[in-house]
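> sequence-free structure coming up:
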């Protein structure tokens, strides 16, 4: 069996309802066959993955086991010659990937034991019926009032739940069904609290809850015995199937479906809602409503498997619930599950998706209104109606029943608190699953956007624009002359640019005619031009220092200002 954890009592930590996905990464040729390398992932976390090798004959074995479903899954045919050629192996790898995708997209096929063992051989070992029979035999040692008649193999979809036909020794003609379940990942009740609560289940008296004959629990799991009902469940009636047949044969591809008329839908829906309201008022969590957990007995609907939540079994619609963070209580789970049951009664086939936004106009408006209030994406993401809201809806509010005894069920005060705490833990895990799925969905969406062609073109365009901008700035810097710095700047700490060594300092131009060269000066020599001064300033200082007044040409002035006589 799978890995067990010793916490409060043995609890199966593996959730069989978590979706498995896989991809064939490569194919490798060995001496006589080809191995296909498959990467398998449990849930949304890519770190929770492993690698397996499967050859074509393993696919054939899996396909033979799934033939009971009656579905055409499209396994690629066998090839005797040329089956080791590279082109053929590439084509077969692609075909086998499509084959696995079709299986994993179907809710019942993906959850069956054959598929789980094919993809996860470590956690799924054979002989589950033999193991369950050993546990049942241990119970009957202390309760020698029952005889096991035969195992009822594969009448239900749960891998960890096994059914046996039993009979009481005092009434050998009475047929009873025993259901043995290992503890699931949602079990949080201590053994000392679980046993007395389980013992209370046979005391439930409600017209719309199927009675329990006997219940018990051990460190490994629990069992419940009920009277065998020959017509089977609501799903058996819809699929026109025999209760003892293999569940994949009954439900995967039934020969025909039965849809109910509006009067039956109103009546059966009201009964289911009354049973849910009773359990909610008593503080007993359910969460396991689906068409296979409803018994049709005459004109009455009755709920089955009330003990599932106490044993910690995961919800049937758990894979769908993780898509919606607002469905985070067991009451909301029951309302959401009721929407699926109502859809199945209306159309005669299950809704194999988490939500639906377009309902045909051919269905009666009252039914369409209720379905839209529960199963549309907007309703699931905002707020679902309560059970009381549905009971007050015009579709169910006018349904009346004959006078019956008042329902009875009492939970002692000392057991209410641990039951409430266990319910809170179940809801906490449901909320955590939704957060994880939401986080990985956002991450996957961001990665898909990052790798999209449109985003790649946008990033490439932005990169080219940036390069062109940098190139234009560089060209502008190269074409701009060096900045001129005056002496004031140098006095403020700026570093002046020295002149190029090949360019001598030139004196400023003289506006008049050039004067003759002055005689040799007897005065002191002009000061040298500082090397840290700009060339224009040095030339000016040199000209001023070398000025000689004697070198100027003497001029004569003709005064013509006087009057003429």
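That came through fine. Computed from a predicted structure; not experimentally measured. Numbering: from 1, shown residues only.
> Return the residues in contact with the closest residue in space to residue 274 that isn't next to it in sequence.
Take residue 274 and drop its neighbours on the chain: the residue closest to it by C-beta to C-beta, 6 or more residues apart in numbering is residue 208, 5.5 Å away. Every C-beta, even on glycine, is put in place using the N, C-alpha and C of the backbone. Residue 208 makes contact with 271-272, 274-275, 278, 300-303 under the criterion C-beta atoms under 8 Å, 6 or more residues apart in numbering.
> run the last query once more with 6 Å
Contact criterion C-beta atoms under 6 Å, 6 or more residues apart in numbering gives 271, 274-275, 302 as the residues in contact with residue 208.
> What does residue 351 show for phi and psi?
As for residue 351, its main-chain torsions (degrees, to the nearest 10) stand at phi -90, psi 110.
> So for it, what's the nearest residue that isn't a sequence neighbour?
Among residues not flanking residue 351 along the chain, residue 343 sits closest, at 4.6 Å (C-beta to C-beta, 6+ apart).
> and the gap between that neighbour and residue 291?
Applying C-beta to C-beta, to the nearest Å, the value for residue 343 to residue 291 is 10 Å.
> one step back: report all helices and strands that the strand or helix carrying the residue nearest to residue 351 contacts.
Residue 343 is part of helix 330-347 when elements are defined by DSSP states H and E. Helices and strands touching helix 330-347, by 3 or more C-beta pairs under 6 Å, 6 or more residues apart in numbering; DSSP states H and E, are helix 262-282, helix 365-375.
> can you pull out the strands in the stretch 101-250 of the chain?
146-152, 161-168, 176-182, 214-217, 221-227 (DSSP state E, counting those that start in this stretch).
> For stretch 253-262, could you pull out the residues that count as buried?
Along stretch 253-262, these residues count as buried under the neighbour rule (16 or more other C-beta atoms under 10 Å): 254, 260.
> about what we covered before: may I ask which of the contacts of residue 208 has the most neighbours?
Compared across the contacts of residue 208, residue 275 has the highest neighbour count, 25 neighbours, by other C-beta atoms under 10 Å.
> Read off the pLDDT value for it.
The score at residue 275 is 97. That number is its pLDDT.
> again, but for residue 254
Turning to residue 254, the model gives it a pLDDT of 88.
> shaky segments in the stretch 451-565 of the chain?
Counting by pLDDT under 70, the stretch 451-565 of the chain shows low-confidence ranges at 451-452, 455, 474-565.
> Any idea how many residues pack against the residue lying closest to residue 140 once chain neighbours are set aside?
Closest residue in space to residue 140, ignoring its immediate chain neighbours: residue 146 at 5.6 Å, by C-beta to C-beta, 6+ apart. By other C-beta under 10 Å, 20 other residues sit near residue 146.
> helices or strands next to the helix or strand hosting residue 91 in the packing?
Using DSSP H and E, residue 91 maps to helix 86-104. The criterion is 3+ C-beta pairs under 6 Å, 6+ apart, and the helices and strands that helix 86-104 contacts are strand 20-29.
> can you list contacts of the strand it packs on?
Residues contacting strand 20-29 (C-beta under 6 Å, 6+ apart): 34-42, 84, 89, 93, 97, 100, 119.
> next one: stretch 68-79
Among residues not part of stretch 68-79, those counted as contacts by C-beta under 6 Å, 6+ apart are 63, 92, 95, 99, 102, 246, 248-249, 252-253.
> Out of those residues, which end up buried?
Of all these considered here, the ones buried according to neighbour count by 16+ other C-beta under 10 Å are 92, 99, 246, 248-249, 252.
> Make CSV out of those residues and add distance to residue 162.
Output for the buried ones among the contacts of stretch 68-79, formatted as CSV (distance: C-beta to C-beta, whole Å):
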residue, distance to residue 162
92, 37
99, 29
246, 14
248, 16
249, 18
252, 20
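> Same list (the strands of the stretch 101-250 of the chain) but as a markdown table, adding distance to residue 68.
As requested, those are arranged in a markdown table below (distance: least, C-beta to C-beta, whole Å):
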| stretch | distance to residue 68 |
| --- | --- |
| strand 146-152 | 15 |
| strand 161-168 | 17 |
| strand 176-182 | 21 |
| strand 214-217 | 31 |
| strand 221-227 | 26 |
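> Kindly reformat the ones you listed as CSV containing mean pLDDT.
Compiled in CSV, these are given as follows (pLDDT from 0 to 100):
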stretch, mean pLDDT
strand 146-152, 92
strand 161-168, 94
strand 176-182, 95
strand 214-217, 94
strand 221-227, 95
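> wait, which of those is closest to residue 436?
Taking C-beta to C-beta, strand 176-182 is the member of those nearest to residue 436, at 24.4 Å.
> how far does that closest one sit from the chain's center?
How far strand 176-182 lies from its chain's middle: 32 Å, per C-alpha atoms, centre = their mean, to the nearest Å.
> Ok, stretch 200-214 next?
The answer for stretch 200-214 is 37 Å, by C-alpha atoms, centre = their mean.
> which residue ranges form the helices in the stretch 301-450 of the chain?
The residue ranges that make up the helices of the stretch 301-450 of the chain, judged by DSSP state H, counting those that start in this stretch, are 318-321, 330-347, 365-375, 377-381, 387-391, 394-397, 413-450.
> Any chance of those helices in a markdown table with mean neighbour count, distance to residue 15 and mean pLDDT as columns?
A markdown table is the format used below for the helices of the stretch 301-450 of the chain (neighbours: other C-beta atoms under 10 Å; distance: least, C-beta to C-beta, whole Å; pLDDT from 0 to 100):
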| stretch | mean neighbour count | distance to residue 15 | mean pLDDT |
| --- | --- | --- | --- |
| helix 318-321 | 22 | 7 | 89 |
| helix 330-347 | 23 | 15 | 96 |
| helix 365-375 | 18 | 24 | 96 |
| helix 377-381 | 16 | 21 | 94 |
| helix 387-391 | 18 | 26 | 97 |
| helix 394-397 | 16 | 33 | 96 |
| helix 413-450 | 14 | 9 | 82 |
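> Quick check: which of the ones you listed is nearest to residue 109?
helix 318-321 (13.2 Å).
> mind giving me the domain ranges of the protein?
Taking automatic domain parsing as the domain assignment, the ranges for the chain are 12-119, 128-448.
> just those domains: most buried one?
Comparing those on average neighbours per residue, with mean count of other C-beta atoms under 10 Å, the densest one is domain 128-448 at a mean of 18.
> Return the distance of it from the chain's centre.
Relative to the mean C-alpha coordinate of its chain, domain 128-448 is positioned 24 Å out (C-alpha atoms, centre = their mean).
> same deal with stretch 21-39?
Stretch 21-39 has its average C-alpha position 27 Å from the chain's average C-alpha position, going by C-alpha atoms, centre = their mean.
> Also stretch 111-131?
The chain centroid and the centroid of stretch 111-131 are separated by 24 Å, computed with C-alpha atoms, centre = their mean.
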